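In: show me how the following folds:
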Amino acid sequence: QVQLVESGGGLVQAGGSLRLSCAASGRTFSSYAMGWFRQAPGKEREFVAAITWSGGSTYYTDSVKGRFTISRDNAKNTVYLQMNSLKPEDTAVYYCAEKFVNTGYRDTYSSFRYDAWGQGTQVTVSS
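Out: The predicted structure is shown next:
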């Protein structure tokens, strides 16, 4: 059974930085990609970024481009989300998720196409 464990959330002032980590374990097969999603109170879960395990192709939602960077360490089965220039509107619970199979790049943006989820980590950006 695949387990994803996030860490690195916290409280930061606007303009500050945080780095989230997501460690995957229990997988006995090659997987396609890892993604980060976030959900703010009263809002739907939204895509933030994703990266493929092989090749390292990256995908970002427009609101984080130039501020967030997703990366991976295949040897550690760990994905990172470096978040810089944080804004109060980035406040949310951040979830990492794993997509086992490549079903097309558009599906990389959809939470419904991911197969395993972490428990989430809170990120709060104060103004």
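
In: quick one, what contacts the most far-flung residue of the chain relative to its centre?
Out: Note on the chain: the largest separation between a C-alpha and the mean C-alpha position, by Cα atoms, centre = their mean, falls on residue 127 (23.0 Å). For residue 127, the contact set (Cβ atoms under 8 Å, 6 or more residues apart in numbering) comprises 14, 88. No exception for glycine: its C-beta is placed from N, CA and C like everyone else's.

In: that one and residue 91: what is the separation?
Out: Counting by Cβ to Cβ, to the nearest Å, the gap from residue 127 to residue 91 is 10 Å.

In: show me where this structure has strands.
Out: Assigned by DSSP state E, the chain shows strands spanning 3-7, 10-13, 18-25, 33-39, 46-52, 58-60, 68-73, 78-83, 92-99, 116-117, 121-126.

In: from the contact counts, what lies against the third one?
Out: Here strand 18-25 is seen to pack against strand 3-7, strand 33-39, strand 78-83, strand 92-99, strand 121-126 when contacts are counted using 3 or more Cβ pairs under 8 Å, 6 or more residues apart in numbering; DSSP states H and E.
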